[in-house]
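# no sequence for this one, just the structure:
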Ligand SMILES: NC(=O)C1=CN([C@@H]2O[C@H](COP(=O)(O)OP(=O)(O)OC[C@H]3O[C@@H](n4cnc5c(N)ncnc54)[C@H](OP(=O)(O)O)[C@@H]3O)[C@@H](O)[C@H]2O)C=CC1
Ligand SMILES: O=C(O)C1=N[C@H](C(=O)O)C[C@H](O)C1
């Protein structure tokens with residue numbers, strides 16, 4: 001596959017290594033908005049910055065190039081991207097987290113939330129920890145986890161980056177040098193705490209998931225998620 005890397009930072013470089021090891025070619029690697037011909041690529045992988053992702057994705061739709069995006073912090077435009085994908089008969093996968101481990105963790109989180117919904121003595125809270133260069137907070141993964149709890153748990157309708165109030169999931173975002181990504185969910189009562197945590201040891205899991213998603217998307221049209229790619233849940 002000829003791959004365009006839209007965003008050649010920490011993730012772009014990790015994806016390049018894995019893509020090459022799986023026999024793919026990198027035909028574009030860019031950290032700019034333009035100055036390349038996207039139609040040279042069979043597939044594009046966008047890991048850029050929040051204010052660039054939407055443009056990069058829509059540019060792929062316009063040139064009939066399937067696109068994977070892992071960029072977080074641009075989701076106010078996600079519905080518009082889906083609409084434009086359909087209008088252009090394009091192919092698109094966004095995931096807040098491409099790693100297999102986190103996608104299993106997403107399922108665990110939903111199942112746990114469903115069970116805890118019966119137990120009114122427990123309050124939920126979430127913590128995410130990432131490296132200090134991260135531009136967005138809370139992380140995209142934390143937002144997915146919180147939205148999944150809201151959809152499964154009768155007590156919660158919102159999340160906020162603050163301490164808890166009735167009906168609100170409090171999320172704490174910490175920034176510590178070199179942490180690839182840790183997400184932790186606590187259900188706390190007076191007598192005990194139930195905790196589930198996912199800890200990424202490197203960026204390799206995110207990068208492998210993105211390349212696997214790109215391989216899966218080639219030749220398809222439509223809007224998909226990692227659940228479709230991994231066939232889990
Ligand atoms: N979904 C997932 O599994 C994961 C998602 N992420 C997300 O991916 C994104 C990138 O992460 P990471 O690689 O760590 O960040 P980096 O800051 O290391 O890389 C982002 C790159 O994008 C470049 N860039 C800036 N503007 C544009 C543009 N218009 N088009 C293309 N590239 C541009 C930046 O260039 P410059 O430095 O010159 O501005 C930089 O090289 C973040 O949103 C992060 O949250 C990260 C890991 C996993
Ligand atoms: O910026 C990062 O590094 C990461 N971003 C994603 C997010 O916002 O959830 C995924 C992963 O946690 C690493």
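Ah, there it is. Worth saying up front: this structure is predicted, and the values here are computed from it rather than measured. Numbering: from 1, shown residues only. Ligands and ions are numbered 1, 2, ... in the order given.

# every contact and neighbour count from this point should use C-alpha atoms.
Will do.

# how about residue 127, nearest residue that isn't a chain neighbour?
Closest residue to residue 127 apart from its sequence neighbours, by CA to CA, 6 or more residues apart in numbering: residue 172 at 4.6 Å.

# domain assignment for this structure?
2-94+204-230, 100-200 (automatic domain parsing).

# export those domains as CSV, with columns for mean neighbour count.
Below are the domains of the chain laid out as CSV (neighbours: other CA atoms under 10 Å):
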stretch, mean neighbour count
domain 2-94+204-230, 19
domain 100-200, 17
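
# quick one: name whatever helix or strand follows the helix or strand harbouring the residue nearest to residue 127.
Using DSSP states H and E, residue 172 sits in strand 168-175. Per DSSP H and E, the first helix or strand lying C-terminal to strand 168-175 is strand 182-188.

# now tell me what touches that following strand from outside.
121-130, 141-142, 193-200 (CA atoms under 8 Å, 6 or more residues apart in numbering).

# OK, contacts around the residue nearest the centre of the chain?
Centroid-nearest residue in the chain: residue 96, 1.0 Å away (criterion: CA atoms, centre = their mean). Counting by CA under 8 Å, 6+ apart, residue 96 touches 70-72, 140-141, 144.

# with residue 154 instead?
Taking CA under 8 Å, 6+ apart as the definition, contacts of residue 154 comprise residue 117.

# could you pull out the helices in this structure for me?
10-21, 50-62, 78-87, 100-116, 140-152, 204-217, 226-230 (DSSP state H).

# residue ranges with poor pLDDT in this structure?
Within the chain, the segments meeting pLDDT under 70 span 163-164.

# show me what contacts the residue of it positioned farthest from its centre?
Centroid-distance maximum for the chain: residue 191 at 34.2 Å, with CA atoms, centre = their mean. Residue 191 makes contact with no residue, according to CA under 8 Å, 6+ apart.

# before we move on, what about residue 36?
residue 28.

# distance check, it against residue 27.
In this view, residue 36 and residue 27 are 10 Å apart by CA to CA, to the nearest Å.
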